[in-house]
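Participant: whatever this is, show me its structure:
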Amino acid sequence: MQKIIMTVIVMVALFCAGFYVGKVTTKPKIQIVRQTEIKTQVVYRDKSTLTNEQIWKLLQCYDTSKPRLDIIIDTNTVTAKAGLCDRNWERTAYIEVGDDGMWKYYVGIGVIASGIIYLALR
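Facilitator: Below is the predicted model of the structure:
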């Protein structure tokens, strides 16, 4: 009975050690599941009614103003919103974050190692 308890303890310890090393040494797998189309805000102007001064102001806005960029992360959704002057656009991506399935190897190694230890204690 003592050998079985010792084997289970060693198996759990090896799994935890392997799991910890795996988390430290590997990066999670991140993939984009789906992206939406880019939503744009079109600014309609009757250009024939604009004065030269208004045209110069609009042109200066596009030339000198700072663009806006906001990135919003919410669980499995990343939304990027951008804009310049009167124009705005945005896109949403749905991502999936997961591990690479290495835990299966940790279980296998733990079972093999504990089997060897069990046979050695026999």
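Participant: keeping just the C-alphas, turn the helix or strand encompassing residue 80 into PDB.
Facilitator: If you go by DSSP states H and E, residue 80 is part of strand 77-84. Below are the C-alpha coordinates for strand 77-84, written out as PDB (Å, rounded to 0.1, in the frame of the first residue of the first chain):
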ATOM      1  CA  THR A  77     -12.700  39.900 -28.500                       C
ATOM      2  CA  VAL A  78     -10.200  42.500 -29.700                       C
ATOM      3  CA  THR A  79     -11.700  45.700 -31.200                       C
ATOM      4  CA  ALA A  80      -9.500  48.300 -32.900                       C
ATOM      5  CA  LYS A  81     -11.100  51.800 -33.400                       C
ATOM      6  CA  ALA A  82      -9.300  54.400 -35.400                       C
ATOM      7  CA  GLY A  83     -10.100  57.800 -36.800                       C
ATOM      8  CA  LEU A  84      -8.800  61.000 -38.400                       C
END
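Participant: pull up the pairing partners for it, direction included.
Facilitator: Strand pairing for strand 77-84, determined by DSSP bridges: strand 68-74 (antiparallel), strand 87-98 (antiparallel).
Participant: domain-wise, how is the chain divided?
Facilitator: 1-27+100-122, 29-98 (automatic domain parsing).
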